[in-house]
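S.K.: Below: sequence and its predicted model.
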Amino acid sequence: MLQDVVIDFKNASIFQKEVLVLSGVDMTVVKGEFVYMIGRTGTGKSSLLQTIYADLPLAYGDATVVGYDLKKIKRKEIPFLRRKLGIIFQDFQLLTDRSIADNLLFVMKATGWKDKKKMQSQAQDVLEKVELGTKGFKMPHQLSGGEQQRVAIARALVNNPEIILADEPTGNLDPETSTGIMKLLFDISQAGRSVLMATHNYSLFKQFPARTLKCEAGKIIPYNPSYSDMDEW
């Protein structure tokens, strides 16, 4: 149904400055769907994600994300769009000078939360969801890479977003830790949030199958992974 569509691109062109990265982008993501986006480095995965969270302007074509028209969005509306998105990066991007709980509170303050008790309760709730309920007092350097990525996921969940955008979230993690992160992201999508995940990690598809899109030769195409050609990645 139409109201379940959270990302909708029609014949869109994605630019980095003056350089055309992707053209003729037609893509729809519905509520609660998990979608992989694959492609070699430089094929436009990150540029598409940047367009979705309005870091790159949409010049040609049409796109709506959680009800916002990316062609018409005003600068003052962008923070409201981003509150409906949770963004996870490969390198965690935690603030190293404050505790895990304070990392979450910092994001909440920056996105308009005011009530201190509600903020602390929400921070604790999302830390429990990522199985770090007892670690809010720790500093980022006291956590493993996998735990730091779980904090990054907690941070992405803190505003109860409709969509999680994950840019190579397992890129810096070992296979066992990656499996735990993937289970967590699939649980998030099964709870009703959409997850769009850019990845190079072909081996994840066999363990966690989902609809896959491929960035290739300036286009985004539907893709059915063939496990025999994993070596390509």
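M.R.: Looks like it arrived, so ask away.
S.K.: Extract the residue ranges of the protein that are flagged as low pLDDT.
M.R.: Using pLDDT under 70 as the threshold, the predicted model of the chain has low-confidence ranges 1-3, 225-233.
S.K.: element containing residue 80?
M.R.: Secondary structure from DSSP states H and E places residue 80 in helix 78-83.
S.K.: Residues contacting the very next helix or strand once past that helix, please?
M.R.: Counting by DSSP H and E, the element after helix 78-83 in chain order, helix or strand, is strand 85-88. With contacts defined as Cβ atoms under 8 Å, 6 or more residues apart in numbering, strand 85-88 is touched by 49, 52-53, 65-66, 149, 152-153, 155-159, 161-167, 169, 193. Every C-beta, even on glycine, is put in place using the N, C-alpha and C of the backbone.
S.K.: Mind exporting the C-alpha coordinates of the helix holding residue 80 to PDB?
M.R.: The C-alpha atoms that make up helix 78-83 are tabulated as PDB, following Å, rounded to 0.1, in the frame of the first residue of the first chain:
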ATOM      1  CA  ILE A  78      16.400  18.800   6.900                       C
ATOM      2  CA  PRO A  79      16.800  18.300  10.700                       C
ATOM      3  CA  PHE A  80      13.200  17.000  10.900                       C
ATOM      4  CA  LEU A  81      13.800  14.600   8.000                       C
ATOM      5  CA  ARG A  82      17.000  13.300   9.700                       C
ATOM      6  CA  ARG A  83      15.100  12.700  13.000                       C
END
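S.K.: what packs against it?
M.R.: In terms of contacts (3 or more Cβ pairs under 8 Å, 6 or more residues apart in numbering; DSSP states H and E), helix 78-83 is packed against no helix or strand at all.
S.K.: starting at the chain centroid, how far to it?
M.R.: How far helix 78-83 lies from its chain's middle: 14 Å, per Cα atoms, centre = their mean, to the nearest Å.
S.K.: That one: which residues count as buried?
M.R.: 81-83 (16 or more other Cβ atoms under 10 Å).
S.K.: I'd like to know which of the contacts of strand 85-88 are part of helices.
M.R.: Judged by DSSP state H, helices contain the following of these: 49, 52, 149, 152-153, 155-157.
S.K.: Out of the residues you listed, flag the one nearest to residue 186.
M.R.: Proximity to residue 186 was ranked across the ones in helices among the contacts of strand 85-88 by Cβ to Cβ; first place goes to residue 153, at 11.9 Å.
S.K.: The closest one reaches residue 185, doesn't it?
M.R.: Yes: between residue 153 and residue 185 there is a contact at 7.3 Å, judged by Cβ atoms under 8 Å.
S.K.: Need the overlap of contacts for the two.
M.R.: Contact with both residue 153 and residue 185 is made by residues 164, 169, according to Cβ under 8 Å, 6+ apart.
S.K.: one step back: is it possible to get CSV of the buried residues of helix 78-83 that adds distance to residue 210?
M.R.: CSV is the format used below for the buried residues of helix 78-83 (distance: Cβ to Cβ, whole Å):
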residue, distance to residue 210
81, 24
82, 24
83, 25
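S.K.: This completes my enquiry, with thanks.
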